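J.: Got a predicted structure here, sequence first:
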Amino acid sequence: MVCSFSLLIFPQSNSIRGVDISFLKQIEDNNGVYKQNGVTKDALTIFKNHGVNYVRLRLWNNPPDGFSNLASTILLAKRVKQNGMKLLLDFHYSDSWADPSKQTKPALWNGISFTAIEDSIYTYTKNILLTMKQESVLPDIVQIGNEITNGMLWNEGKVGGAFDTPAQWNNFTSLLKKGLLAVQEINSSGARIRTMIHIDRGGDSTGSKWFFDNLQKFNVQYDYIGLSFYPWWHGSFAELNANLSMLSTRYQKEIIIAETAYPWTLGWNDNMNNIVGQSSQVLAGYPATVDGQTGFLNAIKSSLAGVPNQRGLGYFYWEPDYISTSVFGSSWENLALFDFTGEVLSSIHTFEQETSISESPALINSFILFQNYPNPFNPSTKISFVLSCNSNAKLTIYNQFGQVVAQLINSYMNHGLHTINWNAFNNPSGIYFCELKTDNSAAFRKLILLK
């Protein structure tokens, strides 16, 4: 049998190319304007026209300012559906921000028994979904809690540290199951909502294993694993890739990067301190520029494409719309996908659909060696390839003198997508060559290592 394959720099297209735009209505109400080529446009139209197919919206129980409550969420959800996009609804189960450092119960749930809290999470979740169904904006995915690494609805549902006990895990997972039960009952009437459990440990395999092992122990049934990955908090791409591989293999579930972002500048436009503003927060090889932001997003897609058994479902960029205005400050303005004037950045193109191997028979039947990414690189670069049938494969790195410096693959491999990372930490700067070879074909590409 003659076996052909394609070596790809960009991975097979992810199913989800999403954005979290929960701030949008508040920014618009405070004179926020979004533009493309200088022309004012609805931010949702800009996103849709550049390939975004999913929107994530947070839901707070009773926020003091009214934003991210049910009414405002439904208004945004209607715009999402009108633009032909799908919806992920993020239940925080709080009146404000819920994350690993705080999971504050809604004020109306204070002082009630644990049984009453269980009933409240079930009734609240179900009523929200019934209302959204009546408004024709039923979500496609529901997230039960936001970054619930340390539990939810503290202290009754708190886990970790002094609360890392069987009793607390039983409480926490009982609360999760009540929210999941509400979704299940909505689905029993014909809906097809999928569920996600979301933690913040993008690059932390140990923490992720601890958390999801406990969910498994207490028999929590859900569809997707969700992770946050901000490199200044959650590690390197190498750590992210290791965690994605572990999670996919150990729990056999599809994975979504539910939150990520990267700066296009370290500058600022208002008087509010930005969360990311130091060069030490930026990854090597990904400068705080529009090109660096673009490279980061392409690397996110490549990481997802490399998840074993193609379980990398997609990603959500957190608050690309979070610009500042003359009357509204933003701590995220330099991580948005718009510049300080509201003009969309060229990094938006990373959301556009790449050619899928399954959609292109010509690509499958050709022998193509694309460039590694990033290139130039320091110190690691990613090489992805697809075998159209089972084959012997050899992937070799040579220096400019023709000497072998790394043998990345030399084995019989199954057909499908494979991703290889070359870490050239111990190699000097210079020009290298990558050769991919089977019994029938060979191809070369030039790699540039800059330290």
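T.: Perfect, I can see it now.
J.: Which stretches in the stretch 351-451 of the chain count as strands?
T.: 368-369, 380-387, 391-399, 404-413, 416-423, 430-437, 442-449 (DSSP state E, counting those that start in this stretch).
J.: domains for the protein, by residue range?
T.: 14-351, 367-449 (automatic domain parsing).
J.: Please indicate which of those has the most neighbours on average?
T.: domain 14-351 (a mean of 19; mean count of other Cβ atoms under 10 Å). C-beta coordinates here come from the backbone N, C-alpha and C atoms, glycine included.
J.: beta partners for the spatially most central residue of the chain?
T.: Centroid check for the chain by Cα atoms, centre = their mean gives Ile257 as the closest residue, at 2.2 Å. Listed by DSSP bridges, the beta-bridge partners for Ile257 are Leu227, Tyr315.
J.: Hmm, it is touching Tyr315, no?
T.: Yes. The pair Ile257 / Tyr315 is scored as a contact, 4.0 Å apart, by Cβ atoms under 8 Å.
J.: Quickly list what's touching both of the two.
T.: 300, 304 (Cβ atoms under 8 Å, 6 or more residues apart in numbering).
J.: how far away is Asp339 from Tyr34?
T.: Noted for Asp339: a distance of 11 Å to Tyr34, by Cβ to Cβ, to the nearest Å.
J.: what distance separates the start and the end of stretch 304-312?
T.: 4 Å (Cα to Cα, to the nearest Å).
J.: Hmm, I typed the wrong one, I wanted stretch 409-429.
T.: 22 Å.
J.: which residues sit against that stretch?
T.: Residues contacting stretch 409-429 (Cβ under 8 Å, 6+ apart): 11-12, 238, 241, 302, 305-306, 310, 357, 372, 377, 379-397, 399, 405-406, 408, 432, 449-451.
J.: what is the mean pLDDT for stretch 399-417?
T.: Mean per-residue pLDDT for stretch 399-417: 83.
J.: now do stretch 319-339
T.: pLDDT averaged over stretch 319-339 gives 97.
J.: cool, stretch 28-38 as well?
T.: 97.
J.: Repeat that for stretch 221-231.
T.: 98.
J.: roughly how far is that stretch from the heart of the chain?
T.: 8 Å (Cα atoms, centre = their mean, to the nearest Å).
J.: coming back round to it: least reliable of the domains of the chain by average pLDDT, please.
T.: The bottom spot among the domains of the chain, by mean pLDDT, belongs to domain 367-449, with a mean of 80.
J.: So what's the gap between it and the chain middle?
T.: 27 Å.
J.: Same check on stretch 293-313?
T.: That offset, for stretch 293-313, works out to 9 Å (Cα atoms, centre = their mean).
J.: Could you do stretch 112-132 as well?
T.: Worked out by Cα atoms, centre = their mean, stretch 112-132 lies 28 Å from the chain centre.
J.: could I have it exported to PDB, CA atoms only?
T.: The C-alpha trace of stretch 112-132 is given here as PDB (Å, rounded to 0.1, in the frame of the first residue of the first chain):
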ATOM      1  CA  ILE A 112     -30.200  28.600  55.000                       C
ATOM      2  CA  SER A 113     -29.500  24.900  55.600                       C
ATOM      3  CA  PHE A 114     -27.400  22.800  53.300                       C
ATOM      4  CA  THR A 115     -30.500  20.900  52.100                       C
ATOM      5  CA  ALA A 116     -32.000  24.300  51.300                       C
ATOM      6  CA  ILE A 117     -28.900  25.300  49.300                       C
ATOM      7  CA  GLU A 118     -29.100  22.000  47.400                       C
ATOM      8  CA  ASP A 119     -32.800  22.800  46.600                       C
ATOM      9  CA  SER A 120     -31.900  26.300  45.600                       C
ATOM     10  CA  ILE A 121     -29.200  25.400  43.100                       C
ATOM     11  CA  TYR A 122     -31.500  22.900  41.500                       C
ATOM     12  CA  THR A 123     -34.500  25.200  41.300                       C
ATOM     13  CA  TYR A 124     -32.500  28.200  40.300                       C
ATOM     14  CA  THR A 125     -30.700  26.400  37.500                       C
ATOM     15  CA  LYS A 126     -33.900  24.800  36.200                       C
ATOM     16  CA  ASN A 127     -35.900  28.000  36.300                       C
ATOM     17  CA  ILE A 128     -33.200  29.900  34.400                       C
ATOM     18  CA  LEU A 129     -33.100  27.300  31.700                       C
ATOM     19  CA  LEU A 130     -36.900  27.100  31.400                       C
ATOM     20  CA  THR A 131     -37.000  30.900  31.100                       C
ATOM     21  CA  MET A 132     -34.300  30.900  28.400                       C
END
